[in-house]
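Participant: Quick one: sequence and predicted model below, then my questions.
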Protein chains: 2
Amino acid sequence: MTEVKTIVLEKSVFSDNDRAADMLREKLRKKGIFLINVMSGPGAGKTTTLVAVINKLKQKFRIGVMEADIDSDVDAVTVAEKTGVKSVQLHTGGMCHLDAGMTEQGLREIGDDLDVVFLENVGNLVCPAEYDTGAHLNMTILSVPEGDDKPLKYPLIYQSCDLVIINKIDAQKYFSFDLEKCKKNVAYRNPSATVLPISAKTGQNVDAVVDYLYTAVRAYQNGK
Amino acid sequence: MTEVKTIVLEKSVFSDNDRAADMLREKLRKKGIFLINVMSGPGAGKTTTLVAVINKLKQKFRIGVMEADIDSDVDAVTVAEKTGVKSVQLHTGGMCHLDAGMTEQGLREIGDDLDVVFLENVGNLVCPAEYDTGAHLNMTILSVPEGDDKPLKYPLIYQSCDLVIINKIDAQKYFSFDLEKCKKNVAYRNPSATVLPISAKTGQNVDAVVDYLYTAVRAYQNGK
């Protein structure tokens, strides 16, 4: 079995997380690293989506992944085994989210020779939305079996993201999930969010996510 | 459309939630009310399960339901329309869990002429587990599309519950979900938890949940 390094995060020392997040974002800009914060509820497919996307995006960029979890290292091992990119596990010690200070602890471990770092946040639609991690791009994954009403119930996470991926679209016929209604519910919370329906399992429309992220990283690298 | 009362919860005044929860539990015992705390991640099927169970259990007991959400009242309306039992909506104002003080605010609204009150907690596998609501029974719903590894990733919620329902078992053939592995993962966190696989949608094995709860409420009423 692949061994990955596990870092037990310490509580952040910063009282002002927003300021710490801005400082981290600027520090990463100087290093040329683009940080992507990936959020969702438990089991929406964050890890499977990351594996599918990274296996295409790694041809263009040097990529690292930080997998946050309360316990266990199954996700970091999965990513490392299935993509070959550098992967570290972050243990939050029971905490329900990551903040900028915790993210920085992980970044110190993963190193600087990277273009893109994915941060897989704790599976939770409430708390992660309340803490700026210092990321340059926030994405949320909603999966078909969860239902098209989630944006109505968890406002902040949809308000605070740039990209909403609707995953497990291959399972749509087995669930009463209305894609158009879901898009409207996302737009109600955040009219400027991009919505991309995919199946990370079958690969359907994963290229759209890859293209979206490629464009975002290139714009960042070109200082736009 | 059915109208249900919405209560905007205030932050609890108690500094010691465990003590407040014990006091609430005792107060409810004197009134003969059995409080059931229902937890899960977003979209695991808490509301659908409650509707299926309540429509059978309401023949035996007087039932009320408190639906907690950050925003929206879709769940309380659904329960009221589909079961006819008394239902109130609790808004947590962005908070990621309920504690005993917040639960008591809801109970004041729902009234005393009841045998059983279901509290549908915020959809979240992390924070609700950390706060005793004062319930006499804690149940967690895990759904097949979320994956069989969830007990490894969210330890506390499985450690703190009496009953684990594995929902959406009708969708098992579409997902790589190993039921026996899932049961082992639950037992690893909590060997004494009862595990019941069901489909709230098709009705498969819902009777097992009804029987389990019927026995628990009867034992409580008989002072056991």
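Facilitator: Good, I have the coordinates. Residues are numbered from 1 along each chain as shown, chains lettered A, B, ... in the order given.

Participant: Spell out the secondary structure type for the residue nearest to the spatial centre of chain A.
Facilitator: In chain A, the residue lying closest to the centroid (C-alpha atoms, centre = their mean) is residue A:38, at 1.1 Å. Following DSSP: H, G, I helix; E, B strand; the rest coil, residue A:38 is assigned to strand.

Participant: Could you tell me the model confidence score at it?
Facilitator: Looking at residue A:38, its pLDDT is 97.

Participant: how near is it to chain B?
Facilitator: Residue A:38 is 15 Å from chain B, where distance means C-beta to the nearest C-beta, to the nearest Å. For every residue, glycine as well, the C-beta is placed using N, CA and C.

Participant: How about that residue: which residues does it bridge to?
Facilitator: residue A:120, residue A:139 (DSSP bridges).

Participant: does it really touch residue A:119, like I thought?
Facilitator: Yes - under the criterion of C-beta atoms under 8 Å, residue A:38 makes contact with residue A:119 at 6.5 Å.

Participant: The worst-scoring helix or strand of chain A on mean pLDDT and chain B in contact?
Facilitator: Least confident helix or strand, chain A: strand A:5-8 with a mean of 82, by mean pLDDT, DSSP states H and E. No - Strand A:5-8 is not in contact with chain B by C-beta under 8 Å from any C-beta of the partner chain; minimum separation 13.7 Å.

Participant: just stretch A:101-108 next, same as before
Facilitator: No - Stretch A:101-108 is not in contact with chain B by C-beta under 8 Å from any C-beta; minimum separation 14.6 Å.

Participant: Could you check stretch A:198-212 against chain B for contacts?
Facilitator: No - Stretch A:198-212 is not in contact with chain B by C-beta under 8 Å from any C-beta; minimum separation 8.6 Å.

Participant: Outside of the host helix or strand of residue A:88 itself, list whatever touches it.
Facilitator: Element membership of residue A:88 [criterion: DSSP states H and E] is strand A:86-91. Identification of contacts with strand A:86-91 by C-beta atoms under 8 Å, 6 or more residues apart in numbering or on different chains yields A:4-9, A:63-71, A:73, A:75-77, A:79-80, A:98, A:102, A:105-106, A:109-111, A:114.

Participant: What of stretch A:49-66?
Facilitator: For stretch A:49-66, using C-beta under 8 Å, 6+ apart, the contacting residues are A:38, A:76, A:78-79, A:82-88, A:90, A:103, A:106-107, A:110-111, A:113-120, A:141, A:165, A:167, A:198, A:200, A:203, A:206-207, A:209-210, A:213-214, A:217.

Participant: For PyMOL, write the selection for the buried entries among the residues you listed.
Facilitator: To isolate the buried members of those in PyMOL, using 16 or more other C-beta atoms under 10 Å in any protein chain shown:
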select buried, chain A and resi 38+76+78+79+82+83+85+86+87+88+90+103+106+107+110+114+115+116+117+118+119+120+141+165+167+198+200+206+209+210+213+214+217
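
Participant: Among the contacts of stretch A:49-66, which lie within strands?
Facilitator: A:38, A:86-88, A:90, A:116-120, A:141, A:165, A:167 (DSSP state E).

Participant: Make JSON lines out of those and add distance to residue B:32.
Facilitator: Converted to JSON lines, the ones in strands among the contacts of stretch A:49-66 look like this (distance: C-beta to C-beta, whole Å):
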{"residue": "A:38", "distance to residue B:32": "47"}
{"residue": "A:86", "distance to residue B:32": "59"}
{"residue": "A:87", "distance to residue B:32": "54"}
{"residue": "A:88", "distance to residue B:32": "53"}
{"residue": "A:90", "distance to residue B:32": "47"}
{"residue": "A:116", "distance to residue B:32": "59"}
{"residue": "A:117", "distance to residue B:32": "56"}
{"residue": "A:118", "distance to residue B:32": "53"}
{"residue": "A:119", "distance to residue B:32": "49"}
{"residue": "A:120", "distance to residue B:32": "47"}
{"residue": "A:141", "distance to residue B:32": "44"}
{"residue": "A:165", "distance to residue B:32": "48"}
{"residue": "A:167", "distance to residue B:32": "46"}
